[in-house]
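Enquirer: Sequence first, then the predicted structure, then my questions.
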Amino acid sequence: MIVSPKIRERDIDLIRKNQNHLAALWKNQKSVFEAEFNLLKRTEAMIDESHKLIHKKLNAIEVKLSEN
């Protein structure tokens, strides 16, 4: 089967466009992953701070109760 140069050129152009599109999708996916990771890190830090504050308050309550 003989394929005309125009068809080959069109197919090659389509493949390049698809590759560029896939590269853009990959960059977007990577950006989404990084944003989710950063959000999880911030959430972890907030939970850690809340845990420390709760622990501090519980210790203060325990000290007050032991004074009585």
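Expert: Structure received. Note that the structure is a prediction, hence the values are computed from the model and not measured. Numbers count the residues shown, from 1 in each chain.

Enquirer: Tell me, how many residues neighbour residue 21?
Expert: By the measure other Cβ atoms under 10 Å, the count of residues near residue 21 is 10. Any C-beta I mention is one placed from the backbone N, CA and C, and that applies to glycine too.

Enquirer: next one: residue 65
Expert: 8.

Enquirer: go on, residue 23?
Expert: The burial count for residue 23: 10, using other Cβ under 10 Å.

Enquirer: distance of it from residue 16?
Expert: Remark: distance between residue 23 and residue 16 (Cβ to Cβ, to the nearest Å) = 11 Å.

Enquirer: Residue 55 too?
Expert: With Cβ to Cβ as the criterion, residue 55 and residue 16 are 58 Å apart.

Enquirer: count of residues packed around residue 26?
Expert: Neighbour number of residue 26 under other Cβ under 10 Å is 10.

Enquirer: And the helices in the chain, which stretches?
Expert: Along the chain, the stretches classed as helices by DSSP state H are 5-67.

Enquirer: where are the low-confidence patches of it?
Expert: For the chain, no stretch has pLDDT under 70.

Enquirer: measure residue 29 to residue 36 for me?
Expert: For residue 29, the distance to residue 36 - Cβ to Cβ - is 11 Å.

Enquirer: let me redo that: residue 66
Expert: With Cβ to Cβ as the criterion, residue 66 and residue 36 are 44 Å apart.

Enquirer: These two: who's more crowded?
Expert: Each of residue 66 and residue 36 has its neighbours counted (other Cβ under 10 Å); residue 36 has more, 10 against 7.

Enquirer: which ones are touching that one?
Expert: By Cβ atoms under 8 Å, 6 or more residues apart in numbering, the contact set of residue 36 is empty.
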